[in-house]
Each structure stands twice: as structure tokens, then as C-alpha cells.
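S.K.: For reference, the sequence and a predicted model appear below.
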Amino acid sequence: MIKIAPSILSADFANLERDIRRISTADYVHVDVMDGMFVPNITIGAPVVQSIRKVTDMFLDVHLMIVEPVRYVEQFCDAGADLVTVHVESDSAENIHAAIDKIHAKGKKAGIVLKPKTPAEAALPFLEKVELILVMTVEPGFGGQKFMADMMPKVAAIRKWIDEKNPACELEVDGGVAPDTCRTCIEAGANVLVAGSSVYKAPDITARIAELRG
């Protein structure tokens, strides 16, 4: 089944509880955490995740776009994240492994993220250790960017490795996912689609979530 993970980066933060309830037919709530250093934008931290956890039972998919995430993964787990993903580019391989171990020690799912310029092979050292791999289909940092179709060979390559080595692992894409691009992502092998503006700007959010499932 294709899972949809609306990004609250496109929600109305003054009415965040309302906007999370509006996506109740989705599978995950995607939470973008940015530190202004790893990416050129600042969003939210663990206290907001803690507040979200209080108003929904939905699966919280927390995407850390921060430097040295090993310093903070436990805080996000304690705040209520169900899955915490970290960028392979954000620290040494040793520290990324340590971050994954800390997430697992908290009883939560762990994932890795690859930016567009990062080759698919960067996922291999972590492939058998994580529950999800996220391929960015825009440059991380801001919502509303144009979908990068040239990321699909990377998605397809990682799907092949997942099927061979860790079939339970999910494959997620994030960036520019909309009704005209979702099928491309699914055909390449993604089973979790992050969508922000295409969900929250839709006239009928429930219908849009169903449409994105392909």
C-alpha cells in the first residue's frame, strides 16, 4: 500500500492542531526540523513535536535537517516521534550509525535521508540497519519547489537494494510530490510519499490524499 505523509511545513502553524486533523486520512504526519545551518531555513524543534504528539495518535515521521543529529535524536524520540530520519551528509558515518543506535534504543524507528546530489551508494552502509530511506526530490530547506524527476533512477536503485537486503524497509520521497508526479515516484519504487503544498493547498484535502496514493 502506498502511504501518504503530508508535511506540516505547509500547514497553518497558528492552527496546527486543526490542520493535523484535516489530514487524518493520511498515514504519517511529516515534520520537517531545520536548524538554519544544514539547510538555509529554521523551522521547529522538539517542543513542537511534543505538542503535536498531544493532539494526534497519527504516526509522526520526523525529518531532521540539522548538523550532527546524534546530539538531538533522543530528544525527538522522547517528544513523541515514531520515526526519526537523519541526513547521511550531516555528520560522519560513525556518528550517523550512533544516531541510528540511539533512536533504536528508544524503541523508535530510524531512517536515513539523501540529498539530491548524494549518490544512491551512500545509503548502502546503513541499508540493513534502518526502517526507512528517504530520497529528496528537491533541495531540502524550503517547501513548494519543483519536482526533480532525475532522482528516479536513484529511487529505483535503492528499491532494488532494499528488496534484496532489507525488504521491510520503506522507501520515501520528499519534494514536489503532486498528482502529476506521484505515479512517477510509485513506479520508481517509492511506497511513502511526502507532500506539503499539494495537500494543504488542495480544495479537498481528503480527496487529494486519496489521489496521491495513485
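M.R.: Here it is on my side, so go on. Numbering: from 1, shown residues only.
S.K.: can you pull out the strands in the protein?
M.R.: 3-6, 28-34, 59-65, 83-87, 109-114, 132-136, 170-174, 192-195 (DSSP state E).
S.K.: Mean neighbour count, distance to Lys146 and mean pLDDT added to those, as TSV?
M.R.: For glycine as for every other residue, the C-beta is placed from the backbone atoms N, C-alpha and C. Below are those laid out as TSV (neighbours: other CB atoms under 10 Å; distance: least, CB to CB, whole Å; pLDDT from 0 to 100):
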stretch	mean neighbour count	distance to Lys146	mean pLDDT
strand 3-6	26	19	98
strand 28-34	25	18	97
strand 59-65	25	19	98
strand 83-87	28	21	98
strand 109-114	23	18	98
strand 132-136	27	13	98
strand 170-174	26	13	98
strand 192-195	27	14	97
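S.K.: TSV for the ones you listed, including distance to Gln50?
M.R.: TSV is the format used below for the strands of the chain (distance: least, CB to CB, whole Å):
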stretch	distance to Gln50
strand 3-6	19
strand 28-34	11
strand 59-65	10
strand 83-87	14
strand 109-114	18
strand 132-136	22
strand 170-174	23
strand 192-195	21
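S.K.: Figure out which of these is closest to Ala93.
M.R.: Proximity to Ala93 (CB to CB) singles out strand 109-114 among the strands of the chain, at 10.5 Å.
S.K.: mind checking how far that closest one is from the chain centre?
M.R.: 8 Å (CA atoms, centre = their mean, to the nearest Å).
S.K.: of the strands of the chain, which approaches Thr184 most closely?
M.R.: strand 170-174 (9.4 Å).
S.K.: Next, find the distance separating the nearest residue to Asp19 once chain neighbours are set aside from Ala99.
M.R.: Of all residues not flanking Asp19 in the chain, Ala11 sits nearest, at 3.8 Å (CB to CB, 6 or more residues apart in numbering). Distance, Ala11 to Ala99, using CB to CB, to the nearest Å: 27 Å.
S.K.: So for the two, which residue has more residues nearby?
M.R.: Ala99 (25 against 20; other CB atoms under 10 Å).
S.K.: Burial check on the closest residue to the more buried one other than its chain neighbours, number of neighbours?
M.R.: If the residues on either side of it in the chain are set aside, Ala99 comes closest to Val70, at 4.1 Å by CB to CB, 6+ apart. Neighbour count of Val70, defined by other CB under 10 Å: 20.
S.K.: Now do the contacts for Val70.
M.R.: Counting by CB atoms under 8 Å, 6 or more residues apart in numbering, Val70 makes contact with Val86, Asp91, Asn95, Ile96, Ala98, Ala99, Lys102.
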